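Chemist: Got a predicted model here, sequence first, then my questions.
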Amino acid sequence: MERLLNFDHLAHFSGAALLAATATSFIYINQCRSYFSQIRQGFIAYQRQRNDNSTKKKTKGKGANPDDNTFVIGFFHPHCSSGGGGERVLWKAIQALGELKEGKLMDRRTNKSKKSASNYSADEESLNNCKNLVVVIYTVDKPSASYEKDLLAHVRERFSITIPKSLSLHFVHLHEEKHLLQKSKRFTLMAESLGTTQLAWCALSAVTPHVFFDTTGCAFTFFVARILAGCKVGAYVHYPTISTDMLSLVWKRRPTYNNDAKVAANPIVTCAKLIYYVMFAILYGLVGSLANLVMVNSSWTKNHIQYLWKLSGKIQVVFPPVDTKSLKALPLGNRENMILSIGQFRPEKDHTLQLLSFAKLLEIEEMRNSEVKLVLIGSCRGEDDRQLVDQLQKLARELNIQNHVEFVLNQPYSILKDYLSRASIGIHTMWNEHFGIGVVEMMAAGLVTIAHESGGPESDIIQSPWKEETLDYSYCTGCLASNAEQYAALMSAIIKNGSSSDLVMKIRENGRKHAEQFSDEVFMNEFKGALLSSSLLK
């Protein structure tokens, strides 16, 4: 009897503790939302004063924004001044918002698919908020008097993107909090996620928007933005932070750039890492499901995000923008025996496989005395990337191919276009590349492109690959391979056919035509359509 009473007391105590914790959490969240709401109102007052709108009357009636005709969208993109594909997506998205503000909605001529997001119409409230858009960008760049001017000039030069002057931009500099993004040597996924969560708190404490839009894949920031700050949350996901493929690699104890050989060799450590990954995947799925609107860059990414973010709403594929217009103006003929690789020098890009494939190509008797050349062009973000390039150059010497290999680092877009106009073959070796902007660029420029048989290149870009045994090549858009032998065989076959042969020219033409579906214009249309058909602008 006494035991039953003790158990009954324990149950009551546990229930009371749970109720108290729930009430405390509710009070804390409400206090946080009140705090962030005051910050938003303060920014709106500042913006009103900045634009000299204090004498304008508030729009009343249906569709009016109560926040004095100012609707704020904040982009969380700490390295917004970088020159990668993620930054191109960011600035194209901002350009699209500028066009929405000017009343330029979707151009239906560029979207033929009946399932296109741009076929949806917007309501009055969304259109009204479009007219009153203000864009905030959270960055860890150091502030300066000419920062905005210099950055927009860089965006024009690097990406050929011009932001409409009618769109008000405001930068929140989090330079003092840059250390929160430093990589951790242990428990990297969780440590970096917690770091971005803290950075998001700092960002929103400076300016709280109506819509928090993450374009860097930092899903744990959604908790701060949605739950604590009361923002609506949008996301453009380039790749899942964790995926079932990563779990499979650990389970199979396969060493890769993110699964150290020492860990893979130890079954106990592997088991512990699996438990850690599964726990992280559950948390990642919960915070990811807080997003009101999710856009992803490929079918491959969509499948993984859909599996992990089970509670999220509709997930839309919006292919990243590629400057196909200028690239398709390059001539298809008179190409050199040059094999070109485009991509940042990072471990996951697997430039090592490119060198090994090229070395095997030169082992083929007909290729030994040829003038074929491999050019690796890309950017280095820091010392780690520079060390990787040094290792690749060392490997080229060890393979005795250094006289046939050229490294081109941190060059402007004009230099890249020059190489694209001369090269005959494009090579891309990243396993499970999330999309593959470089693959599309090479196809649009007229290169016969060989990509890895996985990820976005396989699911969306090179859907009709050519193989040596293929008889009907009239529909082929490129090639796919998964190991050094396959890459070498395909490169050899293309070179032997000749850069002006019917086969090679047909693949060039098909690849260029297929690349048009990933153009800037298609992205702008799809991005606008996804926004206007969602609840973000309401």
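Modeler: Here it is on my side, so go on. Residues are numbered from 1 along each chain as shown.
Chemist: so what's Arg512 up against?
Modeler: By Cβ atoms under 8 Å, 6 or more residues apart in numbering, Arg512 lies in contact with Lys328, Leu332, Met443, Ala444, Ala445, Gly446. Placement of C-beta: from N, CA and C, glycine included.
Chemist: quick check, nearest of these to His452?
Modeler: For those, the closest approach to His452 (Cβ to Cβ) belongs to Met443, at 14.5 Å.
Chemist: Next, that closest one: phi, psi?
Modeler: phi -70, psi -40 (degrees, to the nearest 10).
Chemist: What segments of the stretch 151-300 of the chain are helices?
Modeler: Ranges of helices within the stretch 151-300 of the chain are 188-206, 221-222, 244-251, 261-265, 267-288, 299-308, based on DSSP state H, counting those that start in this stretch.
Chemist: can you pull the buried residues of stretch 395-412?
Modeler: Buried residues in stretch 395-412, counted by 16 or more other Cβ atoms under 10 Å: Leu395, Ala396, Leu399, Ile401, His404, Val405, Phe407.
Chemist: Same question for stretch 143-158.
Modeler: Taking 16+ other Cβ under 10 Å as the criterion, stretch 143-158 shows Leu151, Leu152, Val155, Arg158 as buried.
Chemist: What is the nearest of the buried residues of stretch 395-412 to Pro164?
Modeler: Phe407 (38.1 Å).
Chemist: Leu416 versus the residue nearest to the closest one when sequence neighbours are not counted, what's the distance?
Modeler: Excluding its sequence neighbours, the residue lying closest to Phe407 (Cβ to Cβ, 6 or more residues apart in numbering) is Leu376, at 5.3 Å. Taking Cβ to Cβ, to the nearest Å as the measure, Leu376 falls 12 Å from Leu416.
Chemist: neighbour count winner among those two?
Modeler: Leu376 (25 against 19; other Cβ atoms under 10 Å).
Chemist: show me where pLDDT drops low in the stretch 1-150 of the chain?
Modeler: Along the stretch 1-150 of the chain, segments meeting pLDDT under 70 span 1-15, 51-68, 106-122.
Chemist: What part of this protein, helix or strand, is modelled with the least confidence?
Modeler: helix 261-265 (a mean of 61; mean pLDDT, DSSP states H and E).
Chemist: Report the angle between the top helix by length along the chain and helix 188-206.
Modeler: Longest helix of the chain, by residue count under DSSP state H: helix 2-50. Counting by axes from the mean of the first three to the mean of the last three Cα atoms, to 10 degrees, helix 2-50 points 50 degrees away from the direction of helix 188-206.
Chemist: which residues in the stretch 351-500 of the chain form strands?
Modeler: Taking DSSP state E, counting those that start in this stretch as the test, the strands found in the stretch 351-500 of the chain are 373-378, 405-409, 425-427, 448-452, 479-481.
Chemist: List the contacts of the longest one.
Modeler: Where contact means Cβ under 8 Å, 6+ apart, the residues beyond strand 373-378 that reach it are 336-345, 349, 351, 354-355, 358, 392, 401, 404-409, 411, 415-416, 419, 423, 427.
Chemist: Now it: average pLDDT?
Modeler: Strand 373-378 comes out with an average pLDDT of 95.
Chemist: swap in the last one?
Modeler: Throughout strand 479-481, pLDDT has a mean value of 97.
Chemist: Same question for stretch 345-360.
Modeler: Mean predicted lDDT for stretch 345-360 stands at 94.
Chemist: Quick check: buried residues in it?
Modeler: Applying a neighbour-count criterion of 16+ other Cβ under 10 Å, one finds 345-346, 349-351, 353-360 buried in stretch 345-360.
Chemist: now that stretch: how far from the chain's centre is it?
Modeler: Centroid separation for stretch 345-360 versus its chain: 22 Å, with Cα atoms, centre = their mean, to the nearest Å.
Chemist: contacting residues around the residue nearest to Thr196 when sequence neighbours are not counted?
Modeler: Of all residues not flanking Thr196 in the chain, Cys218 sits nearest, at 4.0 Å (Cβ to Cβ, 6+ apart). The neighbourhood of Cys218, defined by Cβ under 8 Å, 6+ apart, consists of Phe76, Ser193, Thr196, Ala200.
Chemist: Find me the pLDDT at the residue lying closest to the second one once chain neighbours are set aside, would you?
Modeler: Spelled out, that is Ser193. Among residues not flanking Ser193 along the chain, Phe220 sits closest, at 4.2 Å (Cβ to Cβ, 6+ apart). For Phe220, the model assigns a pLDDT of 97.
Chemist: Confirm for me that Phe220 is in contact with Thr196.
Modeler: Yes: under the criterion of Cβ atoms under 8 Å, Phe220 makes contact with Thr196 at 5.9 Å.
Chemist: what's the distance between Gln47 and Lys314?
Modeler: 32 Å.
Chemist: more neighbours, the two?
Modeler: Gln47 (20 against 11).
Chemist: correct me, but that one touches Val135?
Modeler: No: judged on Cβ under 8 Å, Gln47 makes no contact with Val135 at a distance of 11.1 Å.
Chemist: which residues do those two both contact?
Modeler: Val72, Ser168, His170.
Chemist: how close does Tyr413 sit to Ile342?
Modeler: From Tyr413 to Ile342 the distance is 11 Å (Cβ to Cβ).
Chemist: Just want to know which of the two has more residues nearby.
Modeler: Counted by other Cβ under 10 Å, Tyr413 and Ile342 do not tie: Ile342 has more neighbours, with 26 against 15.
Chemist: That one contacts Thr429, doesn't it?
Modeler: No: the pair Ile342 / Thr429 is not scored as a contact, 11.4 Å apart, by Cβ under 8 Å.
Chemist: Neighbours of Ile415, how many?
Modeler: Ile415 has 12 neighbours, counted by other Cβ under 10 Å.
Chemist: For Ala423, see how far away the nearest residue to it once chain neighbours are set aside is.
Modeler: Closest residue to Ile415 apart from its sequence neighbours, by Cβ to Cβ, 6+ apart: Val408 at 7.0 Å. To Ala423, Val408 is 12 Å away according to Cβ to Cβ.
Chemist: Check Ser341 too.
Modeler: Ser341 is 10 Å from Ala423, by Cβ to Cβ.
Chemist: what does Ser184 give?
Modeler: Taking Cβ to Cβ, one finds Ser184 at 39 Å from Ala423.
Chemist: Kindly report the same for Thr429.
Modeler: 16 Å.
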